[in-house]
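Student: Dropping the sequence and predicted coords here.
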Amino acid sequence: MSAIHPTAIVDPRARLAAGVRVGPYTVIDGDVEVGEGTTIGSHCVLTGHTTIGRDNRIFHFCSVGEANQDKKYRGEPTRLVIGDRNTVREYCSINRGTAQDRGETTVGNDNWIMAYCHIAHDCVVGDHTVFANNATLAGHVSIGDHTVLGGFTGVHQFVKVGAHVMAGVSSVVLQDIPPFVTVAGHPCAPHGINSEGLKRRGFTPEALAALKRAYRTLYKSGLTLADAKAELGRQAQSAPEVGAIVEFLATSTRGIVR
């Protein structure tokens with residue numbers, strides 16, 4: 001049975017699974033579905049066509065599923081979908097999508113989203129990411145698995161950030177970031193591969209060596225981007241991790257941080 005504080009306002013059409021806890025003064029609209037074991041703090045607003053998975057922790061004063069901040073939005077029935085086991089700390093805002101894009105904002109599983117973060121319309125956030133306090137995603141941004149955004153990092157609209165990226169504090173991300181790369185600065189610049197993070201996730205010394213070679217090819221060799229892509233394609237034949245970089249570069253639309 002769900003545990004709803006008597007001061008909370010929950011639309012009777014909302015679908016709250018077993019074990020959901022709702023804190024004082026929280027408001028949940030009728031198009032919201034919340035999975036088993038999820039905890040919602042006090043003074044939150046959950047609205048829109050929003051689906052939240054199981055065992056999430058949403059702390060106080062969060063806005064989840066509100067209308068997006070796109071001036072073209074005319075109230076279309078777009079969505080927000082949040083997976084399982086995410087932690088969303090105080091004062092975060094996560095907006096639903098727009099009809100001009102995929103119509104859905106998506107947050108995966110096991111993410112750690114600290115206070116005052118913002119995830120805008122039509123963003124896609126993978127799994128096991130960390131957003132430090134005040135990290136902000138503009139609309140249509142894609143964030144790969146295991147990526148870490150330092151505090152006050154801002155990501156420009158339509159930017160793609162690859163898996164296992166590390167962005168230092170207050171990074172300004174204006175272009176795509178290939179997988180495995182560490183960046184920092186305003187605007188951000190590349191500073192090697194995310195070696196420490198990759199070691200923690202079990203990447204072998206051989207894989208790390210291949211990725212360091214790929215980084216040198218892309219950033220230090222003096223090759224044009226086209227020639228670097230061709231060389232990385234050859235390296236990927238013996239190093240599958242490099243293949244992830246090749247695939248990312250093939251889909252990049254804003255150019256890469258370089």
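Tutor: Okay, I see it.
Student: When you work out contacts or count neighbours from here on, use the C-alpha atoms and nothing else.
Tutor: Fine.
Student: longest helix anywhere in this protein?
Tutor: helix 205-219 (DSSP state H).
Student: for that helix, packing partners?
Tutor: strand 188-193, helix 225-236, helix 240-251 (3 or more CA pairs under 8 Å, 6 or more residues apart in numbering; DSSP states H and E).
Student: how distant is that helix from the center of its chain?
Tutor: In terms of CA atoms, centre = their mean, to the nearest Å, the centre of helix 205-219 is found 25 Å from the chain centre.
Student: Over to stretch 222-239?
Tutor: 28 Å.
Student: what's the model's confidence in that stretch, averaged?
Tutor: Stretch 222-239 carries an average pLDDT of 97.
Student: Pull the residues that contact it.
Tutor: 207, 210, 214, 217-218, 242-243, 245-246, 249 (CA atoms under 8 Å, 6 or more residues apart in numbering).
Student: if we go to 10 Å?
Tutor: Stretch 222-239 has contacts (CA atoms under 10 Å, 6 or more residues apart in numbering) with 206-207, 209-211, 213-219, 221, 241-247, 249-250, 255-256, 258.
Student: Quick one: residues contacting Thr129.
Tutor: By CA under 10 Å, 6+ apart, the neighbours of Thr129 are 86, 107-113, 143-149, 163-165.
Student: what about 6 Å?
Tutor: 111, 145-148 (CA atoms under 6 Å, 6 or more residues apart in numbering).
Student: Of those - the most surrounded one?
Tutor: Thr147 (28 neighbours; other CA atoms under 10 Å).
Student: Can you check the pLDDT for Met1?
Tutor: At Met1, the model reports a pLDDT of 58.
Student: Spell out which residues make up each domain of the chain.
Tutor: 3-140, 199-251 (automatic domain parsing).
Student: The last one spans what distance, first to last residue?
Tutor: End-to-end span of domain 199-251 (CA to CA, to the nearest Å): 27 Å.
Student: before we move on, what about the longest one?
Tutor: With CA to CA applied, domain 3-140 spans 35 Å between its terminal residues.
Student: now swap in stretch 44-59 and tell me
Tutor: For stretch 44-59, the end-to-end distance is 8 Å (CA to CA).
Student: Looking at it now, give me its mean pLDDT.
Tutor: The pLDDT scores in stretch 44-59 average 98.
Student: List the buried residues of that stretch.
Tutor: 44-59 (16 or more other CA atoms under 10 Å).
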